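Novice: what's the 3D shape of this:
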Amino acid sequence: MKRIVKYMPMLLVLMLLSLGSGFFQKTEAQAGTFSVKGIWVSCFEYADLGLNDKSESEFRTNANRLFANIKANGCNTVYFHVRSYDDAIYPSSVTGWSTRISKSGKALPYDPLKILIDYSHKYGIQFHAWMNPYRVTQKKVLDPASAETVKRIVAQVKEIVTKYKVDGIHFDDYFYPTNEKKYNKVKKADRMKNVNEMVRKVYQTVKAKSSRLEFGISPAGGIDYCEKIGADVKTWMSQAGYVDYIVPQIYWSDEYIMEGVKTALFSERLAEWRSYNVRDIPMYIGLALYKAGYSLKEDPGWKKRNNNIASQLALIRAGNSEGYVLFSYLNLYHSVASKEVTNYLTAIGSMKLNKKKKTLRAGKTFKLRATLNPTRLRGRTVKWKSSNKKIATVTKTGKIKAKKKGKVTIYASYGKLKKKCVVKVLAKKKSRK
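Specialist: Residues are numbered from 1 along each chain as shown. The predicted model follows:
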């Protein structure tokens, strides 16, 4: 997932095509709403998450914490690694246990996948089983041209959708390898043909179980590179029967250095993907949270700015993309990315006051409370301001004190999140003699 590849410069015409097309004709409600706010959880994160070789009670405790945190970060969908190296994080009749979930590779006395799905749904989070279809090791893959390979992949997909209440099956960007000579001899057209055969059969297998189940793929961010390794993304986005959604991994900032020139590579790649999505299938954009805060020679924007993700979300909202997926979970808690994460949370966040209007007698007080969402924002300092301190004041904690008759607006703000409460102040009651 962290592959960074240099591509040929994007033609400006693609950007203009996207901007000028009907892709930006969605209503304000549609353009401003993310149907999917996703996060990838990788097999390489299991140990840090307390999911590797634990007792069932420990596993349950840590899984519950994981999904509570995913919810607290504003996500509603998780793409969870269940098959990383021709293996499984559950008892499988197709393949052996993942050593990422069981160090010895021996069967665990409980079913991790069932527990993970249960906790995911407990928090209202959709669970998509993330699979690397071909990879066996970092250097070895199953032969994509082999009928036995397709049969094996389809069998495991069928096993998952039959045994578990997943919401979908999800493939990532690893198709034909670039580091094995024997595969380099395979023509590009044949690569795409072989991969398409597998993708079609997986799609059919998923839909045979239930039409509500989804199958999607998160290809690499450069379309030329996708086709080179056999990912026929143009076909997937133009013809039915392949995928329900697509998650291009557009893992660059808009300050990428290409051939010595600063390039708005994220924006250009986003425009390119939109231009090829002629069937307008749901598109969720894969975002490189793992780069946030790091100094990268070829992509300095991730160090220079701490609002890359927030800015990218604004671009995603503006067009025919229905959501985003962050790579990956643990980066939400890396100190180097803390400012980027705060800006991300604010970008998807909201604020609610306990009162929009309030009537007070002069001399009386009232405590305004501001609730921030996602819940990870709660506890942050909200700023308060009165439009007229002569009529009413407000403290740093939101306590209003009415002073004299009139009308005043009390403002609450956190970053770009702002709310107001209109306070009508009545004169003091005259005391009875």
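
Novice: tell me where the stretch 251-400 of the chain has helices.
Specialist: Using DSSP state H, counting those that start in this stretch, the helices found in the stretch 251-400 of the chain span residues 265-276, 301-304, 308-317, 338-348.

Novice: packing partners of the longest one?
Specialist: When you say that, I think you mean helix 265-276. Where contact means 3 or more Cβ pairs under 8 Å, 6 or more residues apart in numbering; DSSP states H and E, helix 265-276 is packed against helix 12-20, helix 223-228, helix 233-238, strand 256-258, helix 308-317. C-beta: built from backbone N, CA, C; applies to glycine.

Novice: any idea which of the ones you listed scores lowest on pLDDT?
Specialist: Among the helices and strands packed on helix 265-276, helix 12-20 carries the lowest mean pLDDT, a mean of 37.

Novice: endpoints of stretch 276-288, how far apart?
Specialist: 22 Å (Cα to Cα, to the nearest Å).

Novice: quick check: mean pLDDT across that stretch?
Specialist: 97.

Novice: distance from the chain centre to that stretch, please.
Specialist: 13 Å (Cα atoms, centre = their mean, to the nearest Å).

Novice: list of residues touching that stretch?
Specialist: Defining contact as Cβ atoms under 8 Å, 6 or more residues apart in numbering, one finds that stretch 276-288 is touched by 23, 35-36, 38, 216, 218, 221, 223, 233-234, 237-240, 243-252, 270, 273-274, 302, 309, 312, 316, 320-327.

Novice: turn the helices and strands packed on helix 265-276 into a markdown table, including distance to K187 and mean neighbour count.
Specialist: Output for the helices and strands packed on helix 265-276, formatted as a markdown table (distance: least, Cβ to Cβ, whole Å; neighbours: other Cβ atoms under 10 Å):
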| stretch | distance to K187 | mean neighbour count |
| --- | --- | --- |
| helix 12-20 | 26 | 15 |
| helix 223-228 | 11 | 18 |
| helix 233-238 | 16 | 19 |
| strand 256-258 | 28 | 19 |
| helix 308-317 | 35 | 20 |
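
Novice: adding distance to L108, write those out as a markdown table.
Specialist: Shown next, in a markdown table, are the helices and strands packed on helix 265-276 (distance: least, Cβ to Cβ, whole Å):
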| stretch | distance to L108 |
| --- | --- |
| helix 12-20 | 48 |
| helix 223-228 | 36 |
| helix 233-238 | 36 |
| strand 256-258 | 43 |
| helix 308-317 | 36 |
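
Novice: quick one: which of these is nearest Y411?
Specialist: Taking Cβ to Cβ, helix 308-317 is the member of the helices and strands packed on helix 265-276 nearest to Y411, at 22.0 Å.

Novice: so R200 sits against Y242, correct?
Specialist: Yes - the criterion here is Cβ atoms under 8 Å, and R200 meets it with Y242 at 6.3 Å.

Novice: those two: which is more packed in?
Specialist: With neighbours defined as other Cβ atoms under 10 Å, R200 and Y242 compare such that Y242 has more, 22 against 15.

Novice: ok, that one - contacts?
Specialist: Contacts of Y242 (Cβ under 8 Å, 6+ apart): 196, 199-200, 203, 235-236.

Novice: between which two of the residues you listed is the distance greatest?
Specialist: Using Cβ to Cβ, the contacts of Y242 reach their maximum pairwise distance at Y203 and T235, which is 12.2 Å.

Novice: just give me the longest helix of the chain.
Specialist: The helix spanning the most residues in the chain, taking DSSP state H as the definition, is helix 188-209.

Novice: from the contact counts, what lies against that one?
Specialist: Checked by 3+ Cβ pairs under 8 Å, 6+ apart, helix 188-209 has helix 147-163, strand 168-171, strand 214-217, helix 223-228, helix 233-238 packed alongside it.

Novice: any chance of those in JSON lines, plus distance to V261?
Specialist: Shown next, in JSON lines, are the helices and strands packed on helix 188-209 (distance: least, Cβ to Cβ, whole Å):
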{"stretch": "helix 147-163", "distance to V261": "41"}
{"stretch": "strand 168-171", "distance to V261": "34"}
{"stretch": "strand 214-217", "distance to V261": "31"}
{"stretch": "helix 223-228", "distance to V261": "19"}
{"stretch": "helix 233-238", "distance to V261": "26"}
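
Novice: residue contacts, L66?
Specialist: 41, 49, 51, 119, 329.

Novice: now tabulate the residues you listed in CSV and tack on distance to R361, neighbour count and secondary structure.
Specialist: Below are the contacts of L66 laid out as CSV (distance: Cβ to Cβ, whole Å; neighbours: other Cβ atoms under 10 Å; DSSP: H, G, I helix; E, B strand; the rest coil):
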residue, distance to R361, neighbour count, secondary structure
V41, 54, 22, strand
L49, 54, 18, coil
L51, 57, 22, coil
Y119, 50, 20, helix
Y329, 51, 23, helix
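
Novice: tell me if V82 really is in a strand.
Specialist: Yes - counting by DSSP: H, G, I helix; E, B strand; the rest coil, V82 is part of a strand.

Novice: can you tell me the closest non-neighbouring residue to it?
Specialist: Nearest residue to V82, sequence neighbours excluded (Cβ to Cβ, 6 or more residues apart in numbering): A129, at 4.5 Å.
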